[in-house]
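# below are the sequence and a predicted model for it; my questions follow.
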Amino acid sequence: MESAAPSAVTVAIDGPSGTGKSSTSKAVAAKLGLRYLDTGAQYRAITWWMITNGIDTDDPQAIALAAGKPAIVSGTDPSAPTITVDGQDASGPIRTQEVTSKVSAVSAVPEVRALITDLQRSIAAEAAEAGGIVVEGRDIGTTVLPDADLKIFLTASAEARAARRSGELRGKEAADLAATKEALVKRDAADSGRKTSPLAKAGDAVEVDTTELTLDQVIECVVTLVEERRSK
Ligand SMILES: Nc1ncnc2c1ncn2[C@@H]1O[C@H](COP(=O)(O)OP(=O)(O)O)[C@@H](O)[C@H]1O
Ligand SMILES: Nc1ccn([C@@H]2O[C@H](COP(=O)(O)OP(=O)(O)O)[C@@H](O)[C@H]2O)c(=O)n1
């Protein structure tokens, strides 16, 4: 007799920058045949659109008024995730230091969060019909998908996270370790301190400290947690 296909599963992975959310989520989704959504990329995309359209990113009212204008589309194949804004590939421009330094201000605007949250929920609902999804961000377990089957909250020391990030930047945009750490801690504080759905661990999330773990160990840990959840 053929074994039944595994039931659909929705996994929420949250945590601050550099804890390994993207790398882990992509690998776990690929291994388990799930879709993958990088919600940070969506906030970066709307920020990039604001900058290129001359909207003052220090003006929440101007951001709120413009928030509905760009069409942001995420491709959810974990082996080749994509992000477009008004049909244009935005995967490169959303990773610049300028976008990184402005994204917390844009993502704190409630109108932006409401629009992007709706988008995320519809992507997750569609994926639930096709095996499931790993969604990574800051407020997935607390706000976007409070009924997710499994919630993970990744942490790591600021030192480890800065070292990982500056390793990525080397040769591209010069950034020393101290400056990277300072920018990262500042962004954590902004994301954790905002009023509307701040970066936070959901009460029912499993916390995994990745400071002393390799990426492969983190992936294995999350795959095991998903499989345990699926077998219940
Ligand atoms: N456990 C780990 N040990 C060492 N490096 C890691 C680990 N997890 C992720 N990385 C590396 O750190 C960088 C940031 O990881 P990423 O997945 O983008 O984090 P996040 O999405 O949480 O910001 C990447 O270069 C990634 O390869
Ligand atoms: N669910 C989410 C995801 C990201 N964000 C915002 O988007 C920014 C960029 O997220 P990201 O996941 O690309 O950041 P990194 O972890 O890659 O540095 C964060 O600093 C938050 O301001 C958010 O507010 N809510």
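In hand now; what should we look at? Ligands and ions are numbered 1, 2, ... in the order given.
# how about the residues of this protein near ligand 2?
Counting by C-beta under 6 Å from any ligand atom, the chain comes close to ligand 2 at 17, 39-41, 43-44, 103-104, 107, 137-140, 187, 191. Every residue, glycine included, has its C-beta placed from N, CA and C.
# quick check, nearest of these to residue 158?
Using C-beta to C-beta, residue 17 is the member of the residues of the chain next to ligand 2 that sits closest to residue 158, with 9.7 Å.
# tally of neighbours for residue 7?
Counted with other C-beta atoms under 10 Å, residues neighbouring residue 7 total 12.
# contacting residues for the closest residue to it other than its chain neighbours?
Leaving out its chain neighbours, the residue that sits closest to residue 7 by C-beta to C-beta, 6 or more residues apart in numbering is residue 230, at 6.3 Å. Shown in contact with residue 230 (C-beta atoms under 8 Å, 6 or more residues apart in numbering): 6-7, 9, 149.
# over to residue 79?
Residue 79 is in contact with 26, 30, counting by C-beta under 8 Å, 6+ apart.
# ok, now how distant is it from residue 36?
Applying C-beta to C-beta, to the nearest Å, the value for residue 79 to residue 36 is 9 Å.
# cool, residue 224 as well?
In this view, residue 224 and residue 36 are 18 Å apart by C-beta to C-beta.
# how far does the host helix or strand of residue 99 sit from the chain's center?
Assessed by DSSP states H and E, residue 99 sits inside helix 97-107. The chain centroid and the centroid of helix 97-107 are separated by 14 Å under C-alpha atoms, centre = their mean, to the nearest Å.
# and the residue nearest to the spatial centre of the chain, what does it touch?
The centroid of the chain falls nearest to residue 137 when counting by C-alpha atoms, centre = their mean (3.0 Å). By C-beta under 8 Å, 6+ apart, the residues touching residue 137 are 12-14, 21, 38-40, 120, 144.
# now for this protein, the helix or strand with the poorest mean pLDDT.
helix 158-169 (a mean of 87; mean pLDDT, DSSP states H and E).
# more crowded one of residue 224 and residue 36?
Neighbour count, other C-beta under 10 Å: between residue 224 and residue 36, residue 36 has more, with 26 against 10.
# returning to that earlier point: in TSV: the contacts of residue 137, plus pLDDT, neighbour count and distance to ligand 1.
Shown next, in TSV, are the contacts of residue 137 (pLDDT from 0 to 100; neighbours: other C-beta atoms under 10 Å; distance: C-beta to the nearest ligand atom, whole Å):
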residue	pLDDT	neighbour count	distance to ligand 1
12	98	29	14
13	98	28	9
14	98	27	9
21	98	26	3
38	98	24	8
39	98	24	10
40	98	17	7
120	98	22	16
144	98	24	16
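# what distance do you get for residue 189 to residue 227?
Taking C-beta to C-beta, one finds residue 189 at 36 Å from residue 227.
# my error: substitute residue 70 in the last question.
In terms of C-beta to C-beta, residue 70 sits 38 Å off from residue 227.
# okay, the two: which has more neighbours?
residue 70 (19 against 12).
# surely the more buried one touches residue 45?
Yes. In terms of C-beta atoms under 8 Å, residue 70 counts as a neighbour of residue 45; the distance is 7.3 Å.
# neighbouring contacts of the next helix or strand after the least confident helix or strand of the chain?
Following helix 158-169 in sequence order, the next helix or strand is helix 177-193 (DSSP H and E). Helix 177-193 has contacts (C-beta under 8 Å, 6+ apart) with 16-18, 100-101, 103-105, 107-108, 138, 158-159, 161-163, 165-166, 169, 175, 198-200.
# please report how far residue 129 lies from residue 8.
Distance of residue 129 to residue 8, given as C-beta to C-beta: 7 Å.
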